[in-house]
Each structure stands twice: as structure tokens, then as C-alpha cells.
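A.B. asks: Sharing a model that was predicted from the sequence below.
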Amino acid sequence: MSLFTCPLCQSPLLPAADTWRCDGSLNPKRINHPFDVARQGYVNLLPVQQKKSKAPGDSQASIDARKRFLNAGYYQPLRDLIKQQMMQLLVKNRQIVAPISEQKRLTVNWLDIGCGEGYYTQGMAEIGASDDSGVIDTLIAADISKPAVSALAKVSKAAEQLWYQHHKDDTTQKTIVYPLVTSAAHLPLRAHSMTGVSSIFSPILPEAFANVLMDDGYLLIAKPDVEHLATMRAALFDSVREHDSDKFLQELAPHFTLIDSHTVSTDLTLPAIDLADLMTMTPYAYRARAEKRQALLVRSEEAPFQTQAKFVVYVLQKTVDK
């Protein structure tokens, strides 16, 4: 049974190397809607009627800045924490059969919503490669930004992890990546098909997440913690409103139970070029006044700017009505 559904008629959507087509079973006219695979390896499942702008999502400039900044390793502690928590969930998810020496792993389908250019997604795809924690079988990387998904698809293709690069006779445990341009509010996924969902600095949509998650499925959320980039925000804004990291937990309560949370922080020493990228990849790029941004960059030319990144990671489980 296909994991995917047509964004136009909700019929099962069948992946193929060149064009995905739905089977039209839920369409009164039995139309098989086609969705071409881009040369980079992603599939655009965002119908024009679901767009709120001509080019929704992050701009190319923001994506390029984020790639440079993240690849420099500044947020590596957060990436490591996310991987660690997901590995623990995968171990918990395994089905143990007798005798104890024989372990049968359940198929794991994971959705990384708002994946961006894929820095954290790539870390998820590495899980299980060198240990016995188990691997994510299908990793669906979804974002509304076409340039972001295109960038992720290129990296996944180079690593030979795209779905059409996988051969059925290949017995190697390897994560298969499906890069999708889509709306988080209208996920083209079969109900109750995901083992887990991750939302790293992305919108929180309780009902949409609960719908695609299987019973007892997991939701992993990463957000800025209190005092995240505090000195940077103080330099950019006349008044600073603190991050309310857990304000969304009440919205999740009808569908999810919080089972754990973790914080991580890292000191940043940023030369002007990296500080510029950090500002470009955050909302500060357009919320702060241009003269404030420029003054901060001038200061960092004289001496690297010091600040601290602080994050909180929440682990939740879908609540199942008994």
C-alpha cells in the first residue's frame, strides 16, 4: 500500500522514477493525476491552490546562508541531540521476539516536516549506519520551499539515498529519502502511516501530525530556548521579547503526551561573514532595521561576535483513546 496520497483527489499516489501518478480511485472522473520528478530528484506535490504566494517558503539567499552556517558546525550539538533522541525512540520501537538473540525490527517511516535544505534530515538518515539502533527505512523530507527541497534532493542523490536509487535486491540497511515540496497543513500521506514526525523550528500542526502518525507514534520538536542568541537580539532590537518555548504544548495536549524534554546550548564566536549568514537565515534579516544590522556587522569586523545558541527538544507520543 502506498504511503502517499494525491494532493488533488486524495487517491493513492504511486511513486515512479520519472512521474508519480495517482490511481484515481477516489476521483469521480477516475483521472490519474501526474506529478513529474524533477531532475534533482524531488517531487512537487504543492498544488497552486495551496500556495499563499508565488514562491512560498524560504528564499534562495536564506537557504544558501543556512547551508554555509550549519555546515560550519555551529549547531552540531543540536543535531547530535536530535539524532540521539531519535535513536532511542527507534530502539524503543523495535519488536523483540523469542529467542532474545533474534530481533525483528518494525518498518520505520519518518516524516521530517519543514526540512529546509536538510541539515538535520541528513543527520537522521545516518542513524543506524554504524550501530544496532536500527535504521529509518523511509525518510520523507517535506518543505513548502522548492529551492530548499531541491538542495536536499541534490545531497541525497549524491549519497545514493533517493527512493529511485534503491534496488529491491539490495540487502543493505539504508535509509531511503523522499524529498517532497508540500504544505504541512495538507500532507500527501496515508493516514496513520508514520512511525514518527520531526519538526525542527517548523510550524506545529497538532491535528495534521496526529492524522499521519500511527497509534503511539512519536513527535519530536526542536525550538529556540529562553535566551537563545540573546546578545545578538539585544544588539538588533530596542526591546527584546523572550522565546516562549513551550507555549504550543497546550495545543498539542488533546493529541499528544509529553514524555521527555532536553536542552542544549553552545557558545558561538562568529566572524562577520558567519554572523551575516546567521542573520540572513533567521527572521532577524527582515525584522531588524538595516542600520542595526550593519552596525553589528561593522563591530564583528573588529572582533568576532560572541553569543550563545540555546535550544530545547521535546519528545511526545500520540495519545490513543482506549
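C.D. replies: Everything's here; your move.
A.B. asks: and Glu301, how many neighbours does it have?
C.D. replies: For Glu301, the neighbour count with other Cβ atoms under 10 Å is 12. Every C-beta, even on glycine, is put in place using the N, C-alpha and C of the backbone.
A.B. asks: ok, now Ala288?
C.D. replies: Neighbour number of Ala288 under other Cβ under 10 Å is 19.
A.B. asks: per-residue confidence at it?
C.D. replies: Note for Ala288: predicted pLDDT of 83.
A.B. asks: Check whether it really touches Thr282, as I assumed.
C.D. replies: No: Ala288 is beyond contact range of Thr282, at 9.4 Å (criterion: Cβ atoms under 8 Å).
A.B. asks: so where's the longest helix in the protein?
C.D. replies: What stands out as the longest helix in the chain, according to DSSP state H, is helix 76-93.
A.B. asks: any idea how far that one is from the chain center?
C.D. replies: 14 Å (Cα atoms, centre = their mean, to the nearest Å).
A.B. asks: and it, what other elements does it pack with?
C.D. replies: The elements that helix 76-93 packs onto, with contact taken as 3 or more Cβ pairs under 8 Å, 6 or more residues apart in numbering; DSSP states H and E, are helix 119-125, strand 194-200, strand 213-224, strand 256-270, strand 305-318.
A.B. asks: Mind giving me the packing neighbours of the last one?
C.D. replies: Based on contacts counted as 3+ Cβ pairs under 8 Å, 6+ apart, the elements that strand 305-318 packs against are helix 76-93, strand 213-224, helix 230-236, strand 256-270.
A.B. asks: quick one on the thing from earlier: angle of the longest helix of the chain against strand 213-224?
C.D. replies: Per axes from the mean of the first three to the mean of the last three Cα atoms, to 10 degrees, the angle that helix 76-93 makes with strand 213-224 is 160 degrees.
A.B. asks: So what touches helix 76-93?
C.D. replies: With Cβ atoms under 8 Å, 6 or more residues apart in numbering as the test, helix 76-93 has contacts from 106, 108, 110, 119-120, 123-124, 126-128, 131, 133-136, 195-196, 198, 200, 218, 220, 222, 260, 262, 264-266, 309, 311, 313, 315.
A.B. asks: Look up the pLDDT of the closest residue to Leu46 other than its chain neighbours for me, please.
C.D. replies: If the residues on either side of it in the chain are set aside, Leu46 comes closest to Val181, at 4.9 Å by Cβ to Cβ, 6 or more residues apart in numbering. We have a pLDDT of 97 for Val181.
A.B. asks: what's across from Val181 in the sheet?
C.D. replies: Asn44, Asp143 (DSSP bridges).
A.B. asks: contacting residues for it?
C.D. replies: 42-46, 142-146, 149.
A.B. asks: before we move on, what about Met214?
C.D. replies: Contacts of Met214 (Cβ under 8 Å, 6+ apart): 192-195, 318.
A.B. asks: which of those residues are buried?
C.D. replies: 193-195, 318 (16 or more other Cβ atoms under 10 Å).
A.B. asks: ok, of these, which one's closest to Leu278?
C.D. replies: If you rank the buried ones among the contacts of Met214 by distance to Leu278 using Cβ to Cβ, Met194 comes first, at 31.8 Å.
A.B. asks: Give me the pLDDT value at that closest one.
C.D. replies: Taking Met194 on its own, its pLDDT is 97.
A.B. asks: can you check Asp132 too?
C.D. replies: With respect to pLDDT, Asp132 scores 51.
A.B. asks: and what of Phe248?
C.D. replies: Predicted confidence (pLDDT) for Phe248: 87.
A.B. asks: got the angle between the helix or strand harbouring Leu278 and strand 305-318?
C.D. replies: Taking DSSP states H and E as the criterion, the element that holds Leu278 is helix 272-281. If you take the same axes, to 10 degrees, helix 272-281 sits at 40 degrees to strand 305-318.
A.B. asks: which regions of the stretch 1-150 of the chain sit below the pLDDT cut-off?
C.D. replies: Confidence mapping of the stretch 1-150 of the chain against pLDDT under 70 gives the ranges 51-55, 94-105, 128-134.
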